[in-house]
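Q: no sequence on this one, just coordinates:
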Ligand SMILES: C[S@@+](CC[C@H](N)C(=O)[O-])C[C@H]1O[C@@H](n2cnc3c(N)ncnc32)[C@H](O)[C@@H]1O
């Protein structure tokens with residue numbers, strides 16, 4: 001290989017990397033502390049020095065001053081003597097900023113606790129097990145239902161995903177012929193609400209952990225859909241309500257590792273029998289989005305032990321559970337991470 005060839009190949013394999021930025025662990029957590037303590041809003045409301053800010057935020061004044069100084073280095077705050085102000089860049093940490101970032105950086109929310117569990121990524125990579133339990137002492141869903149304040153953040157996230165997946169879930173599949181859908185792992189009903197509003201004849205059964213089914217019943221009741229849904233609280237690893245024509249798993253299969261995903265799909269296949277359809281909504285990994293999906297894939301690993309999969313990997317999973325893909329519907333978005341609805345029937 002000539003020198004020119006060697007350096008061309010080398011530069012292709014090794015794009016320029018800003019190593020200090022890539023490996024700094026203090027600043028990302030410092031920014032999250034500022035978001036959690038709502039420092040940008042407190043400064044905006046008139047608290048300027050570390051003592052006043054510490055009093056309002058419930059923090060140690062000396063430690064808070066050290067955090068603020070570091071965030072001045074990061075460019076989010078600036079100091080005039082002992083008085084701090086929010087820079088133009090730091091304004092993004094305000095609650096009312098249109099980017100809506102503050103809540104997603106708050107370490108005491110559903111997303112924030114997921115972020116913190118990344119500190120145990122090494123454990124996950126070594127064992128294939130989630131790091132969340134090692135960080136917080138309980139698996140993610142057990143921890144979430146034990147902290148009602150976390151449920152709100154998780155619902156906010158699912159409203160975003162519900163809007164994203166709506167064209168895929170409501171378009172394509174022949175919902176006009178369906179009568180009863182069992183929403184397996186329904187969350188608070190962000191997807192189901194859209195489905196029931198689009199198809200006025202549909203009725204639904206809600207399967208999720210008891211606390212979450214209660215929330216779904218409340219939220220669907222508030223949307224005027226209470227008389228079309230009934231709750232069946234419990235684990236989706238237990239036998240599911242039989243006799244429905246459709247079983248929907250929206251963003252469920254990717255949160256389970258192989259054996260558990262097969263077990264869950266078998267429960268759906270058993271309940272759907274020879275006449276029902278099992279609908280799986282996921283964004284598959286494709287050659288085009290392979291590298292756009294890696295961060296989400298690692299997050300699934302560290303939070304719940306799940307994984308993102310290619311269409312072939314989903315097909316194999318379905319086959320192990322006695323199902324085959326009979327139809328496949330995409331929402332047709334421009335995004336490389338496009339959700340797909342797999343309609344599966346008994347093999
Ligand atoms: C990612 S959310 C998806 C919610 C909803 N399907 C959606 O797309 O908006 C995953 C849901 O699975 C539920 N879940 C997790 N483990 C479960 C289990 N063993 N049995 C029933 N539901 C479970 C969680 O409580 C949560 O509501």
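A: Yep, that arrived. Remember, it's a predicted structure, so these values are computed and weren't measured experimentally.
Q: if you skip the residues just before and after it, what's nearest to the residue of the stretch 101-250 of the chain found nearest the ligand?
A: Going by C-beta to the nearest ligand atom, the ligand is nearest to residue 187 of the stretch 101-250 of the chain, at 2.8 Å. Backbone N, C-alpha and C define where each C-beta goes, glycine included. Nearest non-adjacent residue to residue 187, counting by C-beta to C-beta, 6 or more residues apart in numbering: residue 158, 4.9 Å away.
Q: which SSE is that neighbour in?
A: Element membership for residue 158, per DSSP states H and E: helix 148-170.
Q: what does the next helix or strand after that helix contact?
A: Using DSSP H and E, the helix or strand that follows helix 148-170 towards the C-terminus is strand 180-184. Strand 180-184 has contacts (C-beta atoms under 8 Å, 6 or more residues apart in numbering) with 189, 191-192, 195, 202-207, 232, 236, 240-241, 243-250, 252, 264, 268, 271.
Q: all strands in the protein, in order from the N-terminus.
A: For the chain, the strands defined by DSSP state E occupy 77-80, 83-86, 180-184, 203-207, 229-231, 246-250, 277-282, 323-330, 340-346.
Q: Export those to a markdown table and append columns for mean pLDDT and mean neighbour count.
A: Below are these laid out as a markdown table (pLDDT from 0 to 100; neighbours: other C-beta atoms under 10 Å):
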| stretch | mean pLDDT | mean neighbour count |
| --- | --- | --- |
| strand 77-80 | 97 | 16 |
| strand 83-86 | 97 | 18 |
| strand 180-184 | 98 | 25 |
| strand 203-207 | 98 | 23 |
| strand 229-231 | 98 | 19 |
| strand 246-250 | 98 | 26 |
| strand 277-282 | 98 | 24 |
| strand 323-330 | 96 | 16 |
| strand 340-346 | 98 | 21 |
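Q: And these: which comes nearest residue 49?
A: The closest of the strands of the chain to residue 49 is strand 83-86. By C-beta to C-beta, the value is 5.7 Å.
Q: State the paired neighbours of the closest one in the sheet, together with their directions.
A: When pairing is defined by DSSP bridges, strand 83-86 lines up against strand 77-80 (antiparallel).
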